[in-house]
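J.: Pasting the sequence and the predicted coordinates here, then a few questions.
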There are 2 protein chains.
Amino acid sequence: MSDLTLEDVARQAGVSRSTVSRVINGRPNVREDVRQRVLDVIRDTGYHPNVAARTLASQRSWTLGLVLPHSVSFFFTDPYYPHLTKGIAQACNQYNYTLALFLVGTKEDEEKIFPRVARKGLLDGVLVQAGHHGDQQIIGLLVDSKMPLVVAGRPFRSDNVSYIDIDNVNAAHNAVRHLIQIGYRRIGTIAGPAHSTVGLDRKEGYLKALKERGREVDEALIVEGDFTETGGYYAMQRLLPAKPDAVFAASDIMAIGAMRAAREAGLRIPTDIAFVGFDDLPIATLSDIQLTTVRQPVVQFGYKAVELLLDLIENGLHPVRRVIMDTELIIRDSCGATRVR
Amino acid sequence: MSDLTLEDVARQAGVSRSTVSRVINGRPNVREDVRQRVLDVIRDTGYHPNVAARTLASQRSWTLGLVLPHSVSFFFTDPYYPHLTKGIAQACNQYNYTLALFLVGTKEDEEKIFPRVARKGLLDGVLVQAGHHGDQQIIGLLVDSKMPLVVAGRPFRSDNVSYIDIDNVNAAHNAVRHLIQIGYRRIGTIAGPAHSTVGLDRKEGYLKALKERGREVDEALIVEGDFTETGGYYAMQRLLPAKPDAVFAASDIMAIGAMRAAREAGLRIPTDIAFVGFDDLPIATLSDIQLTTVRQPVVQFGYKAVELLLDLIENGLHPVRRVIMDTELIIRDSCGATRVR
DNA sequence: AGGAGTTTTGAGAGCGCTCCCAAAATATCG
DNA sequence: CGATATTTTGGGAGCGCTCTCAAAACTCCT
């Protein structure tokens, strides 16, 4: 608790500031007995280096920023984000970094936050959750400032930016192909918003699966949701008149909402209508009917994103890195594959 | 982008470092035209002060820490926490503070995080989400270190610590009284864990309401959940044999789980069994049946917690502050009050 | 115009650390 | 055993800012 300085420790250990600094930073060229003596003093006094001083002198803050742009205001409605945050926080703990969280709520927030984030001195690197048109500004700012940056999710303009993503097209493709194979004829989709790469990619996968089998694409079977439960609910209501016998939702939470709407309309799942979600969050197994869904490794995704960022910090921004993580289709009850058809 | 320093700005504006510093910090005693000149240079150059240097010199980091101890590992299962975080982040943005997030996952995390948090230099103040036995250690550490500290939720030992909470006893009391007034006879509760103050307080409110009406307390009608959906589900299954006609759940998410169990057991809500939750998160209105619940101002709660912390930082740690926020019973369908009985 | 009071300005000393460099101590070898 | 190579150590400058204090520049009186 004492406000000890390096100096104090040095004096007590009978060595110089430099030596203590070496010990603290685990650098070589310190005689073993001296190192031990210093370590003892540090333990006894409960000394901890002053972060600000260290940052100033070394130009390294050991702090990473996580920016959640306004576009992820559904941070609070989609459990995906807490899980992602968990992975990120875990990695930060692991690598002894502090995590600074920037939740952009309003335009004014942006003005306050963006300069802070883009400026050296506070952050060693930044993670941005993106994939939305509106996120281009902060990404551009960060790229220009040469701040080490990893985007979680494919950004719209991805030249010169390192990002980590899953293969959304492929994952969606697999999911829909599965529905086709089971034998569904009228497969609808609740897509994500058109201004998000995730939404676009998953829809593309859906279309790809249909076309591959020579199916005609019925626009009435494609509706857009906003990655919220309520959004899924209303999307489903719009989808209902087109009489789908199966629905691929671009997120679990929308699938949940959609199933609610289906049930309200008197449909039984999966007898009357099948559902496949995306994410495989715990919530997928909590509804009355177990949701078939695309599992993506959310927590590891966050963890990996941090590791990628550290790589950029250590080894330079170029060449730009790309990481694509694997997904897996988890078959449960809601798609009807588990019962005889 | 440039790595400008105060010095550079001063030179360009033809003044001294001190004057620029005054301008930046909005201090008086700068001639208006000089101030303007400096401001212009700052704008033109895009200068931003180096955070580390400022922190070192002023002993103020303009950073607040949010510690989510291991006990809130359900950070990821209960939407309460994201909402709380939102309020906290909003306030930080508002007051120009940076928010550092410490998610304690494991014992090893504690060892890394606790010293970092308790040490001056990184944080100006700390917010701890608590109310769990296991949280006493970090609270004690922080109190000892004289770090400005606000606990969100009543801690077990609250002497010498400033905290913010809602009146859980009273809120639960109201909710259960409401059920009694409607006419339910066998009111059960799914309480929170006994090692949490929230769990204890809400249970106390439940008991208080029963006793007030001279009802006998049937231990079979009291089961414990863990603030997860699954926990609520299993708790309800244990409760079912006792044949309750109404259930007060200590959180919305547990109420959701409990209702799922009730439905599976063939009970209709609220005809056969009524439910009241606690929190009034958006999720309360998303199940097939609208949940009657105790509304607590989660987002404002977080916001207020930050304001309280800033008060401690500005005006000293003593006297210890206590803030209790109001709750409100929101009557919807699940309690059966909206239909004739 | 001169002096007291007030406001504005700048010099300089830190804040607590890192890191370079040279000096001191130790090891190595012919 | 002295000369050279190597390792260990400490001094000092500097990271970019704040803040005190005294000097300089203005006010406002009489």
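T.: Cool, the structure landed. Residues are numbered from 1 along each chain as shown, chains lettered A, B, ... in the order given.
J.: Measure how buried residue A:124 is and give me the count.
T.: Around residue A:124 there are 22 other residues, counting by other Cβ atoms under 10 Å in any protein chain shown. In short, each C-beta sits where N, CA and C put it, glycine included.
J.: Let me know the pLDDT of it.
T.: Residue A:124 carries a pLDDT value of 95.
J.: cool, residue A:118 as well?
T.: 85.
J.: Which residue, other than its chain neighbours, is closest to it?
T.: Among residues not flanking residue A:118 along the chain, residue A:145 sits closest, at 4.3 Å (Cβ to Cβ, 6 or more residues apart in numbering or on different chains).
J.: Show me where chain A dips below the pLDDT cut-off.
T.: A:1-2, A:71-76, A:338-341 (pLDDT under 70).
J.: Can you name every helix or strand that the longest helix belonging to it contacts?
T.: For chain A, the helix with the greatest residue count under DSSP state H is helix A:298-315. For helix A:298-315, the elements it packs on are helix A:80-94, strand A:125-129, strand A:149-152, strand A:162-166, strand A:322-325, judged by 3 or more Cβ pairs under 8 Å, 6 or more residues apart in numbering or on different chains; DSSP states H and E.
J.: Kindly present the ones you listed as TSV, with separate columns for distance to residue A:39 and mean neighbour count.
T.: Shown next, in TSV, are those (distance: least, Cβ to Cβ, whole Å; neighbours: other Cβ atoms under 10 Å in any protein chain shown):
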stretch	distance to residue A:39	mean neighbour count
helix A:80-94	23	23
strand A:125-129	30	25
strand A:149-152	35	26
strand A:162-166	38	23
strand A:322-325	38	14
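J.: With DNA strand C as the reference, name the closest of the ones you listed.
T.: strand A:125-129 (16.8 Å; Cβ to the nearest atom of the strand).
J.: which residues sit against the closest one?
T.: Contacting residues not belonging to strand A:125-129 are listed as A:64-69, A:72, A:81, A:84, A:88, A:117-118, A:135, A:138-139, A:142, A:147-153, A:305-306, A:309-310, A:312-313 [Cβ atoms under 8 Å, 6 or more residues apart in numbering or on different chains].
J.: still on that earlier bit, of the helices and strands packed on helix A:298-315, which approaches residue A:294 most closely?
T.: Of all these, strand A:162-166 sits nearest to residue A:294, with 8.7 Å by Cβ to Cβ.
J.: So which elements touch the helix or strand just after that closest one?
T.: Using DSSP states H and E, the helix or strand that follows strand A:162-166 in sequence is helix A:168-182. The helices and strands touching helix A:168-182, judged by 3+ Cβ pairs under 8 Å, 6+ apart, are strand A:187-191, helix A:197-212, strand A:246-249, strand A:274-279, strand A:292-295, strand A:328-330.
J.: Just want the angle from helix A:168-182 to strand A:187-191.
T.: 160 degrees (axes from the mean of the first three to the mean of the last three Cα atoms, to 10 degrees).
J.: what comes up buried for helix A:168-182?
T.: Neighbour counts over helix A:168-182 (16 or more other Cβ atoms under 10 Å in any protein chain shown) mark A:168-180, A:182 as buried.
J.: and the angle from it to strand A:274-279?
T.: 160 degrees.
J.: what sits against residue A:185?
T.: residue A:245.
J.: what's the distance between it and DNA strand C?
T.: 65 Å (Cβ to the nearest atom of the strand, to the nearest Å).
J.: Nearest to residue B:225 among the buried residues of helix A:168-182?
T.: Using Cβ to Cβ, these come closest to residue B:225 at residue A:175, 33.7 Å.
J.: Checking residue A:35 next. Helix, strand or coil?
T.: helix (DSSP: H, G, I helix; E, B strand; the rest coil).
J.: now the helix or strand residue A:8 falls within, how far from the chain's geometric center?
T.: Using DSSP H and E, residue A:8 maps to helix A:6-13. Distance of helix A:6-13 from the chain centroid (Cα atoms, centre = their mean, to the nearest Å) equals 44 Å.
J.: Mind checking if the helix or strand following that helix is in reach of chain B?
T.: Tracing the chain C-terminally past helix A:6-13 and defining elements by DSSP H and E, one meets helix A:17-24 next. No. Helix A:17-24 stays out of contact with chain B when judged by Cβ under 8 Å from any Cβ of the partner chain, the minimum separation being 13.2 Å.
J.: Equivalent analysis for stretch A:81-88, please.
T.: Yes. Using Cβ under 8 Å from any Cβ, stretch A:81-88 reaches chain B at A:81, A:82, A:83, A:85, A:86.
J.: Wait, the fourth one touches residue A:66, no?
T.: Yes. With contacts counted by Cβ atoms under 8 Å, residue A:85 reaches residue A:66, the gap being 7.1 Å.
J.: Need the overlap of contacts for those two.
T.: A:101, B:101.
J.: Chain neighbours aside, what residue packs nearest to the one residue sitting closest to the centre of chain A?
T.: By Cα atoms, centre = their mean, chain A has its centre lying nearest to residue A:84, at 4.6 Å. Using Cβ to Cβ, 6+ apart and skipping residues adjacent in sequence, the residue nearest residue A:84 is residue A:302, 4.5 Å away.
J.: Report the contact partners of the one you found.
T.: Contacts of residue A:302 by Cβ under 8 Å, 6+ apart are A:83, A:84, A:85, A:86, A:87, A:88, A:89, A:90, A:91, A:152.
J.: Residue A:281 is in contact with the first one, correct?
T.: Yep, that's residue A:83 we're talking about. Yes. Between residue A:83 and residue A:281 there is a contact at 6.6 Å, judged by Cβ under 8 Å.
J.: shared neighbours of these two, which are they?
T.: Common neighbours of residue A:83 and residue A:281 (Cβ under 8 Å, 6+ apart) are residue A:298.
J.: List the buried residues for whichever strand or helix holds residue A:143?
T.: Per DSSP H and E, residue A:143 falls inside helix A:136-144. For helix A:136-144, a neighbour-count test (16+ other Cβ under 10 Å) marks A:138, A:139, A:141, A:142, A:143 as buried.
J.: And the nearest residue to the third one once chain neighbours are set aside, how close does it get to DNA strand C?
T.: Spatial nearest neighbour of residue A:141, excluding adjacent residues (Cβ to Cβ, 6+ apart): residue A:118 at 5.1 Å. As for residue A:118, its distance to DNA strand C is 23 Å (criterion: Cβ to the nearest atom of the strand).
J.: tally of neighbours for residue A:118?
T.: 23.
J.: Same question for residue A:317.
T.: 17.
J.: Show the contacting residues for the residue lying closest to it once chain neighbours are set aside.
T.: Using Cβ to Cβ, 6+ apart and skipping the chain neighbours, the partner closest in space to residue A:317 is residue A:148 (6.2 Å). Residue A:148 makes contacts with A:124, A:125, A:126, A:309, A:312, A:313, A:317, as judged by Cβ under 8 Å, 6+ apart.
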